[in-house]
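S.K.: Give me the fold of what follows.
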Amino acid sequence: MPESPRWLVMQGRLGDARRVLNKTSDSLEEAQLQLADIKEAAGILEQCNDDILEVPKCPKGDNVWRELIFSPTPAVSHILLTGVGIHFLQQTSGIDAVVLYSSTIFGKAGIKSDHDKLLATVAVGFVKTIFILVATFMLDKFGRRPLLLTSIAI
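M.R.: Sure, this is the predicted structure:
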């Protein structure tokens, strides 16, 4: 996964941000527009096209959280809603509760031995880890959205 173009710009790495945007955008024009928006938000002049430059750090106490919560731009609102929605779906899927209460669930399913409950709980954690690794390696091949929709359906 490429680094965030916004983070790269904030680090003064305009050339790297331009390459990431060119690679991830539908067209070069879209990439240029996005880079111009990011540079404007970072306080960098639009005419500046250096690959590496010194970016002034924001003073502490900047109202980033207030701006994020109370007056976000439409793009930020969409990102915030998507992030919260994904985490909500993850919690409502119940896998965390299953992992947390797995020994109780296995006990009610008829497994009496503590050793067997522990093995079953470890197996659940192992399977969860394996599928996380599979999803991580498939992310670049299929994309985030198809993997998310497939996992929700399953």
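
S.K.: buried sites along the lengthiest helix in the chain?
M.R.: Counting residues, the longest helix in the chain under DSSP state H turns out to be helix 114-142. Residues of helix 114-142 classed as buried by neighbour count (16 or more other C-beta atoms under 10 Å): Lys117, Ala120, Thr121, Val124. For the C-beta atoms, the positions are set from N, CA and C on the backbone; glycine is no exception.

S.K.: try stretch 10-21
M.R.: Quick answer for stretch 10-21 (16+ other C-beta under 10 Å): Met10, Gly12, Arg13, Leu14, Asp16, Ala17, Arg18, Arg19, Val20, Leu21.

S.K.: how about CSV for those residues, with pLDDT added?
M.R.: Formatted as CSV, those follow (pLDDT from 0 to 100):
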residue, pLDDT
Met10, 84
Gly12, 85
Arg13, 88
Leu14, 89
Asp16, 90
Ala17, 90
Arg18, 91
Arg19, 91
Val20, 91
Leu21, 92
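
S.K.: For these, could you give me TSV that also reports distance to Asp51 and secondary structure?
M.R.: Output for those, formatted as TSV (distance: C-beta to C-beta, whole Å; DSSP: H, G, I helix; E, B strand; the rest coil):
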residue	distance to Asp51	secondary structure
Met10	15	helix
Gly12	9	coil
Arg13	8	coil
Leu14	6	helix
Asp16	8	helix
Ala17	10	helix
Arg18	8	helix
Arg19	10	helix
Val20	13	helix
Leu21	14	helix
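
S.K.: Any chance of JSON lines for the residues you listed, columns distance to Ser4?
M.R.: Formatted as JSON lines, the buried residues of stretch 10-21 follow (distance: C-beta to C-beta, whole Å):
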{"residue": "Met10", "distance to Ser4": "9"}
{"residue": "Gly12", "distance to Ser4": "14"}
{"residue": "Arg13", "distance to Ser4": "11"}
{"residue": "Leu14", "distance to Ser4": "14"}
{"residue": "Asp16", "distance to Ser4": "10"}
{"residue": "Ala17", "distance to Ser4": "9"}
{"residue": "Arg18", "distance to Ser4": "13"}
{"residue": "Arg19", "distance to Ser4": "13"}
{"residue": "Val20", "distance to Ser4": "8"}
{"residue": "Leu21", "distance to Ser4": "10"}
